[in-house]
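**Student:** structure for the following, please:
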Amino acid sequence: MQIDTAVLFATPCDEEEDNMATLCCHSDKGQMFLLTRYPDEDTVDLTLDDEPSTLDGLKVTLKATSLLIEVAAGDRDALRGDEVLQINLTGTLSDLDEIRQTLENILSGTGTFVCEL
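**Tutor:** Numbering: from 1, shown residues only. Next up is the predicted model:
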């Protein structure tokens, strides 16, 4: 599965939301992707459009032009049957430090984060 977006929005620690880390985007076709985690939880929440899923392990790879989300075979329903969601970045990553910190906060102890920048 693939979606295209110009901007990734990242919040490493939202004090108004109990320190939740959030990464989200809207595609050029109106699709929404949301990845969140509270610091005291062992799972990550992934929402695609209006369909939330709770995952206990995933791999996220950040590249200059894409974000690759890989889920375990048992969690394929989170990505509508796919094991991989590729988010193609059509714009420039201006908040790279916030994006990296957010992904580290979300995946620390619950998944794998690979930064290829």
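
**Student:** skip the chain neighbours and tell me the closest residue to the residue most central in space within the chain.
**Tutor:** Nearest residue to the geometric centre of the chain (Cα atoms, centre = their mean): residue 35, 4.1 Å. Nearest non-adjacent residue to residue 35, counting by Cβ to Cβ, 6 or more residues apart in numbering: residue 23, 4.6 Å away. Where C-beta positions appear, they are placed from N, C-alpha and C, glycine not excepted.

**Student:** just checking, residue 95 touches residue 10?
**Tutor:** Yes. If you go by Cβ atoms under 8 Å, residue 95 and residue 10 touch, sitting 6.0 Å apart.

**Student:** low-confidence bits of the protein, can you list those?
**Tutor:** Within the chain, no stretch has pLDDT under 70.

**Student:** can you give me the helices in it?
**Tutor:** 96-107 (DSSP state H).

**Student:** which residues does residue 48 contact?
**Tutor:** Residue 48 is in contact with 31-34, 78-80, 85, counting by Cβ atoms under 8 Å, 6 or more residues apart in numbering.

**Student:** could you rerun that using 7 Å?
**Tutor:** By Cβ atoms under 7 Å, 6 or more residues apart in numbering, residue 48 lies in contact with 33, 78-79.

**Student:** are any of the residues you listed buried, and if so which?
**Tutor:** Neighbour-count burial (16 or more other Cβ atoms under 10 Å) applied to the contacts of residue 48 gives 33, 78-79.

**Student:** thinking again about what came up before, right, and out of the contacts of residue 48, which lies closest to residue 100?
**Tutor:** The shortest gap between residue 100 and any of those belongs to residue 33, at 17.4 Å (Cβ to Cβ).

**Student:** rewinding a little: so the residue nearest to residue 35 sits right up against residue 8, yeah?
**Tutor:** Yes. With contact defined as Cβ atoms under 7 Å, residue 23 counts as touching residue 8 (6.4 Å).

**Student:** so what's in contact with those two at the same time?
**Tutor:** Residues touching both residue 23 and residue 8 (Cβ under 7 Å, 6+ apart) are residue 99.
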